[in-house]
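In: Fold the stuff below for me.
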Amino acid sequence: QVQVVESGGGLVQVGGSLRLSCAASGSILSVNVMGWYRQAPGKQREFVAIITSGGVSNFADSVKGRFAVSRDDAKNTVYLQMNSLKAEDTAVYYCHADVRVESSYSSRRYWGQGTQVTVSS
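Out: Now for the predicted structure:
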């Protein structure tokens, strides 16, 4: 079994910063892509950022230049540094980890439970 747990959400003012963390644990053989999505009230879940095991990252246009993503492979953890936050960044942020478990030949995407980020003006 694999567990994915996010942390670091909270309430911040417009222009502020937050750092989200997401750790995968369990019977993990390797972790490939890790990433972040978000879902605002009344909207569909949308892509925010990903980072591959090789360190290549990609971002949604709406967060480019404001958000950064990094990972610590020794801890199977991915981070999302969010700067210059806007009210429209308010959402539940979900992390995923594409994990190959022991005794498996392929990877599978595991999701966390989400962490609330609220940006107030």
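
In: Next, work out how far apart the spatially most central residue of the chain and residue 84 are.
Out: Centroid-nearest residue in the chain, with CA atoms, centre = their mean: residue 36, separated by 3.0 Å. Counting by CB to CB, to the nearest Å, the gap from residue 36 to residue 84 is 17 Å. In short, each C-beta sits where N, CA and C put it, glycine included.

In: same deal with residue 50?
Out: Distance check for residue 50 against residue 84: by CB to CB, it reads 20 Å.

In: Between the two, which has more neighbouring residues?
Out: The neighbour count for residue 50 versus residue 84, taken as other CB atoms under 10 Å, is higher for residue 50 (19 against 13).

In: I'd guessed the more buried one sits against residue 34; true?
Out: Yes - between residue 50 and residue 34 there is a contact at 7.0 Å, judged by CB atoms under 8 Å.

In: Could I get the contacting residues of the residue nearest to the centre of the chain?
Out: When contacts are counted by CB atoms under 8 Å, 6 or more residues apart in numbering, residue 36 touches 20, 22, 48-50, 69, 78, 80, 93-96.

In: any chance of those residues in TSV, plus secondary structure and pLDDT?
Out: Formatted as TSV, those follow (DSSP: H, G, I helix; E, B strand; the rest coil; pLDDT from 0 to 100):
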residue	secondary structure	pLDDT
20	strand	98
22	strand	98
48	strand	98
49	strand	98
50	strand	98
69	strand	98
78	strand	98
80	strand	98
93	strand	98
94	strand	98
95	strand	98
96	strand	98
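
In: What segments of the protein are strands?
Out: For the chain, applying DSSP state E gives strands covering 2-7, 10-13, 18-26, 28-39, 46-51, 57-59, 67-72, 77-82, 91-101, 107-111, 115-120.
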